[in-house]
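A.B. asks: when you get a sec, could you give me coordinates for this:
(one chain, ligands or ions: 1)
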Amino acid sequence: MFDKLRSLFGGSKEEHVPSVIHDYSLMAVDIHSHLIPGIDDGSKTMEDSVFLIKSLYDLGFKKLITSPHVMADGYVNSTETILSGRDKVREAIKQNGIDIQFDATGEYNIDEGMYAKIEKNDLIPIGKNYIMVEMPFLAKPAIMGDIMYKLQTAGYNVILAHPERYGYFYENDFSSYNSLKDRNILFQVNIASLSGTYGKGARYSAEKMINENMVDFIGTDLHGTKHLEFLKECVGLKYLEKIITYDKLLNKTLL
Ligand SMILES: [Fe+2]
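C.D. replies: Below is the predicted model of the structure:
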């Protein structure tokens, strides 16, 4: 199947090439990570968070907008849990003398809980009223279109987190992605998809989206130290250079 994907999507066999990119300073702002300790499957302790944030600073990031999972079941976070967690992390950053901006939003799961959140404006937008959503990996939720539409009519600009990772989108053709773009959905591709961390399908989809200028944001989706290694591996990848130097990439507009 992946050879078919490669021929369909035109993924490149060429991996590392001489690059002018040595870190993530051109990207500057990350909008996707799990750095508030103990509230989702990301960082477990404040010590972990400080280590991860210092490491991201060393990789060139100037601002982190962390995005804990917000789900109706599982990681049941709220505006309060996220903002109070953000404030504690900010305090730890200050105490440790790390020169980085730190803010928070949510990675909102498209589930039934979203209806009440939209109704009550119980969401944490960033930048130009951006709200980032994610979906289950096994099956597309029937309410996907409805939730996206309701968010948009409430005045939000919807970012879909890691669209390249949804097999139900990439396994057939690219039309699902095109129709999301036709509906003004913004795409945030995970950096580690470019090295194949999430599989070949995700990699080829990400590469094709970059080739077709469909990517609006990139993100680390950092959960822990393993993701730091993925980020280091990706420096020097042709497609990372291509997207990080893309003039319409929106990350740095949030600085
Ligand atoms: Fe995430």
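
A.B. asks: what about residue 158, which SS state?
C.D. replies: With DSSP: H, G, I helix; E, B strand; the rest coil as the basis, residue 158 sits in strand.

A.B. asks: ignore the last one, residue 209
C.D. replies: helix.

A.B. asks: that one against residue 177, yeah?
C.D. replies: Yes - contact criterion CB atoms under 8 Å: residue 209 and residue 177 qualify, at 6.9 Å. Glycine gets a C-beta too; all of them are placed from N, C-alpha and C.

A.B. asks: so what's in contact with those two at the same time?
C.D. replies: 163, 187 (CB atoms under 8 Å, 6 or more residues apart in numbering).

A.B. asks: the longest helix in the protein is where?
C.D. replies: As assigned by DSSP state H, the longest helix anywhere in the chain is helix 79-95.

A.B. asks: may I see the buried residues of the helix or strand just after that one?
C.D. replies: Later in the chain than helix 79-95, the nearest helix or strand by DSSP states H and E is strand 101-104. Neighbour counts using 16 or more other CB atoms under 10 Å place 102, 103, 104 of strand 101-104 among the buried residues.

A.B. asks: before we move on, the earlier item: in the longest helix of the chain, which residues are buried?
C.D. replies: 79, 81, 82, 85, 86, 89, 92, 93.

A.B. asks: the chain against the ion: which residues are in contact?
C.D. replies: Within the chain, the positions lying close to the ion (CB under 5 Å from the ion) are 107, 221.

A.B. asks: which residue ranges of the chain form helices?
C.D. replies: Here the chain has its helices, by DSSP H, at 2-9, 46-58, 79-95, 113-119, 144-153, 167-170, 175-182, 200-211, 225-234, 238-244.

A.B. asks: pick the most buried one from those.
C.D. replies: helix 200-211 (a mean of 23; mean count of other CB atoms under 10 Å).

A.B. asks: returning to what we had before: as TSV, the buried residues of helix 79-95 with pLDDT would be great.
C.D. replies: Listed next are the buried residues of helix 79-95 as TSV, based on pLDDT from 0 to 100:
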residue	pLDDT
79	98
81	97
82	98
85	98
86	98
89	98
92	98
93	98
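
A.B. asks: tell me the bridge partners for the nearest residue to residue 83 once chain neighbours are set aside.
C.D. replies: Take residue 83 and drop its neighbours on the chain: the residue closest to it by CB to CB, 6 or more residues apart in numbering is residue 104, 6.6 Å away. Beta-bridge partners of residue 104, counted by DSSP bridges, are residue 66.

A.B. asks: give me the distance between residue 104 and residue 43.
C.D. replies: Distance, residue 104 to residue 43, using CB to CB, to the nearest Å: 13 Å.

A.B. asks: return every residue with contacts to both of these two.
C.D. replies: residue 36.

A.B. asks: list phi and psi for the residue of the stretch 151-255 of the chain found nearest the ion.
C.D. replies: Nearest residue of the stretch 151-255 of the chain to the ion, counting by CB to the ion: residue 221, 4.5 Å away. When read as degrees, to the nearest 10, the backbone of residue 221 gives phi 50, psi 40.

A.B. asks: low-confidence ranges, the stretch 51-200 of the chain, go.
C.D. replies: Scanning the stretch 51-200 of the chain for pLDDT under 70 picks out nothing.

A.B. asks: re earlier: let's have the buried residues of helix 79-95 in TSV, adding distance to residue 172.
C.D. replies: Formatted as TSV, those follow (distance: CB to CB, whole Å):
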residue	distance to residue 172
79	37
81	38
82	36
85	39
86	39
89	41
92	46
93	44
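
A.B. asks: just list the residues touching residue 177, thanks.
C.D. replies: Neighbours of residue 177 in contact, by CB under 8 Å, 6+ apart: 163, 169, 170, 187, 205, 209, 214.

A.B. asks: and for the third one, nearest residue in space, chain neighbours not counted?
C.D. replies: Spelled out, that is residue 170. Nearest non-adjacent residue to residue 170 (CB to CB, 6+ apart): residue 205, at 4.3 Å.

A.B. asks: thank you, goodbye.
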